[in-house]
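Trainee: kindly return the folded structure for what I paste below:
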Amino acid sequence: MTRLSGATALGLAWTIALFASLAVLFIGEVLGQSPCVLCWFQRAFMFPLAIILGLGLWWRDDRVGRYGIALALGGGAVALWHLGLYVGLIPESIQPCTATGPSCTDENQLVLGIPIPLMALVAFALIGLLSALSLKETR
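Mentor: Numbering: from 1, shown residues only. Okay, here's the model as predicted:
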């Protein structure tokens, strides 16, 4: 089995972040689905990932994976909380999305039958893992 190079791992992490960023923009702007409160927080972590990892690739910065890990951990924590709300593990009384705006738990949170928070969690986990792998080569 061939080993993943640091630049390849970083390129894959950037590709996932870019695709996820473009996907949520498509869902919101083209399909007209307004994001819930937690989706906004997840976007606040994902959008910078696409920019920072892309610049790290452009400038050939071998250490940019550090920032990828930090942002992926933050976004993953929000996505995990959102998924907990979606599947009912977290009580409705502490849901941040019930006061105003779209619900964090209704059928609008599904794309192709898959919950958006689950897709976000997987994306953040992959980005964090690939960012960590990109740093292994620099040591």
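Trainee: tell me which helix or strand of this structure sits lowest on mean pLDDT?
Mentor: Within the chain, no helix or strand scores below strand 110-111, which has a mean of 79 by mean pLDDT, DSSP states H and E.
Trainee: after it, next one along is what?
Mentor: Note on strand 110-111: by DSSP states H and E, the next helix or strand toward the C-terminus is strand 114-115.
Trainee: buried ones in the helix or strand following that following strand?
Mentor: Downstream of strand 114-115, the next assigned helix or strand under DSSP H and E is helix 116-136. Of the residues in helix 116-136, 116-121, 123-135 count as buried by neighbour count, 16 or more other Cβ atoms under 10 Å. Every C-beta, even on glycine, is put in place using the N, C-alpha and C of the backbone.
Trainee: counting by contacts, list what helix 116-136 packs against.
Mentor: Counting contacts by 3 or more Cβ pairs under 8 Å, 6 or more residues apart in numbering; DSSP states H and E, helix 116-136 packs against helix 6-25, helix 37-58, helix 65-87.
Trainee: what about 6 Å?
Mentor: If you count contacts as 3 or more Cβ pairs under 6 Å, 6 or more residues apart in numbering; DSSP states H and E, helix 116-136 packs onto helix 6-25, helix 65-87.
Trainee: gap between stretch 28-47 and the chain center?
Mentor: Centre-to-centre, stretch 28-47 and its host chain are 11 Å apart (Cα atoms, centre = their mean, to the nearest Å).
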